[in-house]
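Engineer: compute the structure for the input listed below.
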Amino acid sequence: MEVDKKGKEILKEAHFDKFRQAFIDSLMEKISLEGKYGRDIKSLIEETLKEEAFVDFIHRLAKIIERKTTMSKKESEETAYTLIEEDVANDVRRLATYWEV
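Structural biologist: Sure, this is the predicted structure:
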């Protein structure tokens, strides 16, 4: 699923471009070291986002989502995970497939 226009605006406001590559690198390292690409990509993304290095970004993104929508704090946090998953999932799948070759 693609991130829609509003989602892209929210990611831009949260400075996701600065966060994105570090997150993908961390996720790919986890896949490589643990050999877990067969796992659901969503659970890997959520697990990686809960690492200390990414918690502040998730909170910042959730606050922006909460401010720009009518979502509750809990819904905003869930949406933050979903936005990131939708943005990076295809790149991660492509990289993981490349590494398997």
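
Engineer: and the spatially closest residue to residue 41 that is not a sequence neighbour, how many neighbours?
Structural biologist: Nearest residue to residue 41 in three dimensions, chain neighbours excluded: residue 89, at 5.5 Å (C-beta to C-beta, 6 or more residues apart in numbering). Any C-beta I mention is one placed from the backbone N, CA and C, and that applies to glycine too. Residues lying near residue 89 (other C-beta atoms under 10 Å) number 16.

Engineer: contact partners of whichever helix or strand residue 17 is part of?
Structural biologist: Following DSSP states H and E, one finds residue 17 within helix 16-34. If you take C-beta atoms under 8 Å, 6 or more residues apart in numbering as the criterion, helix 16-34 is touched by 11, 36-37, 44-45, 47-49, 51, 53-54, 57, 61, 84, 87-88, 91-92, 95-96, 99.

Engineer: let's see which of the residues you listed end up in helices.
Structural biologist: 11, 44-45, 47-49, 53-54, 57, 61, 84, 87-88, 91-92, 95-96, 99 (DSSP state H).

Engineer: what pLDDT does the residue nearest the centre of the chain get?
Structural biologist: The chain has residue 84 as the residue nearest its centroid, 2.8 Å off, counting by C-alpha atoms, centre = their mean. Note for residue 84: predicted pLDDT of 90.

Engineer: just to check, it is in contact with residue 46?
Structural biologist: No. Contact criterion C-beta atoms under 8 Å: residue 84 and residue 46 do not qualify, at 9.2 Å.

Engineer: and stretch 70-84, which residues are buried?
Structural biologist: By neighbour count on 16 or more other C-beta atoms under 10 Å, the buried set for stretch 70-84 is 76-77, 79-84.

Engineer: could you export these as TSV, including secondary structure and distance to residue 29?
Structural biologist: Output for the buried residues of stretch 70-84, formatted as TSV (DSSP: H, G, I helix; E, B strand; the rest coil; distance: C-beta to C-beta, whole Å):
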residue	secondary structure	distance to residue 29
76	helix	28
77	helix	24
79	helix	26
80	helix	22
81	helix	19
82	helix	23
83	helix	22
84	helix	17
